[in-house]
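Engineer: Next come a sequence and a model predicted from it.
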Amino acid sequence: MGDHLWWNLSRSTAIVALVLLVLSLVWGVLLSTRALREVDRPAWLLSLHTWLSGTAIVMTVIHASALMLDQWVAFSPVDLLVPGVATWRGATRTAEIGTAIGVVSAYVLLTIQATSLLRHRMSRRAWSLVHRLSFPLVFAVLIHAGWTGTDTSNRAYQATAVVLAMMTVVATVIRLIIPSRTRRTGV
Ligand code: HEM
């Protein structure tokens, strides 16, 4: 474990971040569509939605930072900040592209979160346009996990990824079918 501490920390926080991000997307869709309005409460949905995305960001920061401390990949700050720069011994082209997608996704995630925290100072339309990036964002993060992850041959990892991808597809289809109701509920 000692030699692989940072590597294991990076991989485990990555999986937790992915799970939280998909749950945040699902909660966002439940909030905007009020598909479960018989049993839910908008304030509760919003507060959990915000917590899920905020914790996903904390996990993403740990996931990326641990890569700088791992001796095998030994990422530099430039590797983490500039998409397409990072490479390491034994990296395939697919893994490098997957990593670049991960870097771009992190910027998009931070932009969605930052604009949401400031949403009362923005027009509803501008905020909503940025917020809709969360759908392609989650699909991009799933591709990042599939192309870059070293556990992709592990059955448990594959099963988790398939369940998360299905949840994302179902939530996206539900949102395409049901229009947003939040204007009426005042969230
Ligand atoms: C401080 C952080 C956040 C706040 C306060 C927030 C707030 C909201 C609110 C109020 C809605 C309902 C919008 C509507 O119906 O028009 C919503 C929907 C949504 N949110 Fe967030 N959000 C945050 C972060 C995120 C992040 C990081 C993601 C990325 C996964 C995300 C994904 C979604 C999705 C997918 C929807 C449904 C959008 C739609 O149906 O058009 N949110 N969010």
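Structural biologist: Cool, the structure landed.
Engineer: Show me where this structure dips below the pLDDT cut-off.
Structural biologist: Scanning the chain for pLDDT under 70 picks out 1-3, 183-187.
Engineer: at 50 instead, please
Structural biologist: Applying pLDDT under 50 to the chain flags no residue at all.
Engineer: near the ligand, which residues of it?
Structural biologist: 21, 24-25, 28-29, 31-32, 46, 49-50, 53, 109, 112-113, 116-117, 128, 131-132, 134-135, 137-138, 175, 180, 182, 187 (C-beta under 6 Å from any ligand atom). Every residue, glycine included, has its C-beta placed from N, CA and C.
Engineer: Kindly write the PyMOL command that selects the buried subset of the residues you listed.
Structural biologist: To isolate the buried ones among the residues of the chain next to the ligand in PyMOL, judged by 16 or more other C-beta atoms under 10 Å, type:
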select buried, resi 21+24+25+28+29+31+32+46+49+50+53+109+112+113+116+131+134+135+137+138+175+182
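Engineer: Mark which of the residues of the chain next to the ligand are part of helices, please.
Structural biologist: 21, 24-25, 28-29, 31-32, 46, 49-50, 53, 109, 112-113, 116-117, 128, 131, 134-135, 137-138, 175, 182 (DSSP state H).
Engineer: how about the nearest residue to Ala17, chain neighbours excluded?
Structural biologist: If the residues on either side of it in the chain are set aside, Ala17 comes closest to Met59, at 3.6 Å by C-beta to C-beta, 6 or more residues apart in numbering.
Engineer: Same check on Thr152?
Structural biologist: Gly146 (6.2 Å).
Engineer: residues in contact with the residue nearest the centre of the chain?
Structural biologist: Centroid-nearest residue in the chain: Leu21, 4.1 Å away (criterion: C-alpha atoms, centre = their mean). By C-beta atoms under 8 Å, 6 or more residues apart in numbering, Leu21 lies in contact with Leu52, Ser53, Ala56, Leu109, Leu137, Val138, Val141.
Engineer: from those, which single one is nearest Met68?
Structural biologist: Nearest to Met68, judged by C-beta to C-beta, of those is Leu109 at 19.0 Å.
Engineer: I'd assumed Val58 was in contact with that closest one.
Structural biologist: No. Here Leu109 does not reach Val58: they are 11.5 Å apart, not a contact under C-beta atoms under 8 Å.
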